[in-house]
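>>> Compute the structure for the input listed below.
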Amino acid sequence: MWEELGISGGTAIIVLIALYFVVKWAVKNGVEEAYQDIARKKKSGDRKEELGLDTEDQ
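Numbers count the residues shown, from 1 in each chain. Sure thing, here's the model as predicted:
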């Protein structure tokens, strides 16, 4: 199958390993960025403000 694409098996394995690490790195950075955004929101305001609840109604 790989020969039809013009690449050898060893090259295909190297490309797949490199792709694995690139995706792993991207997912890790995305999760860390989302966690920092959530932590920043919690730090900046009250939980009720995050939910959009009005405290005067209670």
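>>> can you tell me which residue is nearest the centre of the chain?
Of all residues in the chain, the one closest to the mean position by Cα atoms, centre = their mean is residue 30, 2.7 Å from it.
>>> Please give the element, helix or strand, for that one.
helix 9-44 (DSSP states H and E).
>>> And that helix, what does it pack against?
helix 2-5 (3 or more Cβ pairs under 8 Å, 6 or more residues apart in numbering; DSSP states H and E). C-beta: built from backbone N, CA, C; applies to glycine.
>>> Show me how far the helix it packs on is from its chain's centre.
Distance, stretch centre to chain centre, for helix 2-5: 32 Å (Cα atoms, centre = their mean, to the nearest Å).
>>> average pLDDT across it?
For helix 2-5, the mean per-residue pLDDT is 76.
>>> In terms of secondary structure, what does that helix contact?
Applying 3+ Cβ pairs under 8 Å, 6+ apart, one finds that helix 2-5 contacts helix 9-44.
>>> tell me how far the helix it packs on is from the chain's mean position?
5 Å.
>>> Could you pull out the buried residues of that helix?
Buried residues in helix 9-44, counted by 16 or more other Cβ atoms under 10 Å: none are found.
>>> average pLDDT across that helix?
In this model, helix 9-44 has a mean pLDDT of 91.
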